[in-house]
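missing the sequence, but the structure's below:
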């Protein structure tokens, strides 16, 4: 899957993981396939992707409209 087909996750100013719709948020990002967004959960793998700087996921991830 090409990078432009993936969904970029980034940290907001409060260090919570958000969807970077425009691929313009500064800093380290993580890429997720659209089909995996509904299964995204807070765990060690996601925390490691952001070098242990993330505080958690925002509520917006619980929606099934992301990545579909």
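Yep, that arrived. Not measured: the values here are computed from a predicted model. Residues are numbered from 1 along each chain as shown.

What residues does residue 29 make contact with?
When contacts are counted by CB atoms under 8 Å, 6 or more residues apart in numbering, residue 29 touches 8-10, 20, 23. Where C-beta positions appear, they are placed from N, C-alpha and C, glycine not excepted.

where along the protein do the helices fall?
Assigned by DSSP state H, the helices in the chain fall at 44-49.

still on that earlier bit, can you say which of the contacts of residue 29 are buried?
8-10, 20 (16 or more other CB atoms under 10 Å).

Which of those residues sits closest to residue 57?
Taking CB to CB as the measure, residue 57 lies nearest residue 9 of the buried ones among the contacts of residue 29, at 9.1 Å.

From what I see, the closest one and residue 28 are in contact.
No - using CB atoms under 8 Å, residue 9 makes no contact with residue 28, being 9.7 Å away.

which residues touch the closest residue to residue 10 other than its chain neighbours?
The shortest distance from residue 10 to any non-neighbouring residue, by CB to CB, 6 or more residues apart in numbering, is to residue 25 (3.6 Å). Contact analysis of residue 25 by CB under 8 Å, 6+ apart lists 8, 10-12, 18.

Contact partners for the residue most central in space within the chain?
The C-alpha lying nearest the average C-alpha coordinate of the chain belongs to residue 9 (CA atoms, centre = their mean; 2.7 Å). Residue 9 is in contact with 17-20, 29-32, 49, counting by CB under 8 Å, 6+ apart.

From these, which land in strands?
Per DSSP state E, strands hold the following members of these: 17-19, 30-32.

Can you select the buried ones from these in PyMOL?
To isolate the buried ones among the ones in strands among the contacts of residue 9 in PyMOL, judged by 16+ other CB under 10 Å, type:
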select buried, resi 17+18+19+30+32
